[in-house]
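Trainee: Pasting the sequence and the predicted coordinates here, then a few questions.
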Amino acid sequence: MRIAILKEHAHHERRVPIVPDSVKRLAQKKIEIVVEAGAGAGAFFGDADYLREGATIQADAAAAIAAADALMRLRIPTVAEVAAMKEGTTLFAPLLPLLSHELVKALAARNVTSFAVDFIPRTTVAQMMDVLSSQAAAAGYGAVVLAAGALPRFFPMLITAAGTIAPATLLVLGAGVAGLSAVGTGRRLGARVEAFDVRKVAKEQVESLGARFVEVDSDEDAQVAGGYAKEVSEEYKRKQAEVLARHVAKADAIICTALIPGKRAPVLVTDDMLKTMKPGSIVVDLAAEQGGNCEGSAAGETVVKHGVTIVGAVDLPSHLAVHASQMWSRNMEKLLFHLTKDGQLKLDLKDEITRGCLITHGGAVVQERVRETLGLAPVPARAPTRTGGEGTA
């Protein structure tokens, strides 16, 4: 299999999905890498670095696509970009398949075998392949660093000749991967850290990092399969708002990370809560692209309301392009090793990981949940197949 790596043209995107360090290991599994010239420059990986490890460099995207039989993207491709792919190619990329209906239809029409790397099941085996988790860790770290840099106060307690400076209070909303990364980073920077999550299992995780868990007096637990959160009841929301209002009022900085798969992000910090915060406080909303946890936040924008700065953070992993790219690349190594044998793609639909992230194949949508979303009948059971090799995928 030969995989093309292209420049990502999204605004501010600096990451690359395969770094030079991965090229040699992939080659040992008969997976070759073809790189568009300059694709790794934003993450400080030069063409010479790829050549040194055995990759091939092509002058532009069209040449890279023509020289390969598979394509790896770090951003969701557009329908127009799908049209530029070779018919019958293989694609590894984030796809948001439950929402990107036109994209999924275009992939099927182009006879693309597509794997949604954002749809990899959250299992113990698949942890090594989970780009959502690795990039969320980067985002959580970046959010706290951003908040600390913008806050007109110190994060840690300082004992000085001018007296003792109290530590800042950091409130983290959502204790998934990004939230726990934010908690750990806030603690290392010396802040007093509190965290909230609707999943009861998060309490032990938060406290293990030395932070205080904000609890709502309720027996309701919003955890579902895969460790994700589900929407809570109206009664729980009422109690939650009462509890959060007290903690928001005393927070110097808030990091918002709470998401519900396939739905708008829940609003946890209301406009009335913002009015109670100290002037100069900051909210970094990592959920801004999905509606935001903070009322008034806007993706990619920084606004000031009631003296509080609200950052609608996007692309934070891209600001950490070197390590974020390395983590993504390692995730993709593990995925490719799982899906291939002797350089050929295996399609074993009895395998949970393959079945979970394979979206289109053979001109059809094959992922069960995606078919259901599109109103398609269940796909008939198939025997394991193998494709790939010289000039194919």
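Mentor: That came in fine, so what should we check first? Residues are numbered from 1 along each chain as shown.

Trainee: Report the residue spans of the protein with pLDDT below the cut-off.
Mentor: 224-229, 380-393 (pLDDT under 70).

Trainee: now do 80
Mentor: 221-231, 261-262, 379-393 (pLDDT under 80).

Trainee: Got the domain ranges for it?
Mentor: Domain assignment for the chain, taken from automatic domain parsing, gives 2-119+321-388, 137-319.

Trainee: how about a markdown table for these, with mean neighbour count and distance to residue 128 added?
Mentor: All C-beta atoms are positioned from the backbone trio N, CA, C, and that covers glycine. Below are these laid out as a markdown table (neighbours: other CB atoms under 10 Å; distance: least, CB to CB, whole Å):
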| stretch | mean neighbour count | distance to residue 128 |
| --- | --- | --- |
| domain 2-119+321-388 | 19 | 4 |
| domain 137-319 | 19 | 14 |
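
Trainee: Please identify which of these is closest to residue 131.
Mentor: domain 2-119+321-388 (4.8 Å; CB to CB).

Trainee: Confirm residue 300 sits in a strand?
Mentor: No. Under DSSP: H, G, I helix; E, B strand; the rest coil, residue 300 falls outside any strand and is assigned coil.

Trainee: So which residues of the stretch 51-200 of the chain form helices?
Mentor: 61-66, 79-83, 101-109, 131-150, 177-188 (DSSP state H, counting those that start in this stretch).

Trainee: Turn the ones you listed into JSON lines, columns for distance to residue 366.
Mentor: As requested, these are exported to JSON lines (distance: least, CB to CB, whole Å):
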{"stretch": "helix 61-66", "distance to residue 366": "23"}
{"stretch": "helix 79-83", "distance to residue 366": "17"}
{"stretch": "helix 101-109", "distance to residue 366": "9"}
{"stretch": "helix 131-150", "distance to residue 366": "21"}
{"stretch": "helix 177-188", "distance to residue 366": "28"}
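
Trainee: Give me the phi and psi angles of the spatially most distant residue from the centre of the chain.
Mentor: What lies farthest from the middle of the chain is residue 161; by CA atoms, centre = their mean that is 44.2 Å. Here is the backbone geometry of residue 161 (degrees, to the nearest 10): phi -60, psi -20.

Trainee: How about the one 5 residues further on?
Mentor: Listed backbone geometry of residue 166 is phi -70, psi 150, with angles given as degrees, to the nearest 10.

Trainee: rewinding a little: of the helices of the stretch 51-200 of the chain, which is nearest residue 359?
Mentor: Per CB to CB, nearest to residue 359 of the helices of the stretch 51-200 of the chain: helix 101-109, 6.2 Å.

Trainee: Which one of the helices of the stretch 51-200 of the chain lies nearest to residue 218?
Mentor: Closest among the helices of the stretch 51-200 of the chain, using CB to CB: helix 177-188, at 19.5 Å.

Trainee: Of all the helices of the stretch 51-200 of the chain, which one comes closest to residue 118?
Mentor: Residue 118 lies closest, by CB to CB, to one member of these: helix 131-150, at 5.8 Å.

Trainee: got the end-to-end distance for stretch 8-18?
Mentor: Using CA to CA, to the nearest Å, the end-to-end distance of stretch 8-18 comes to 12 Å.

Trainee: next one: stretch 185-205
Mentor: End-to-end distance of stretch 185-205 (CA to CA): 14 Å.

Trainee: rewinding a little: right, and the helices of the stretch 51-200 of the chain - which one's nearest residue 306?
Mentor: The nearest among the helices of the stretch 51-200 of the chain, by CB to CB, is helix 131-150 at 16.2 Å.
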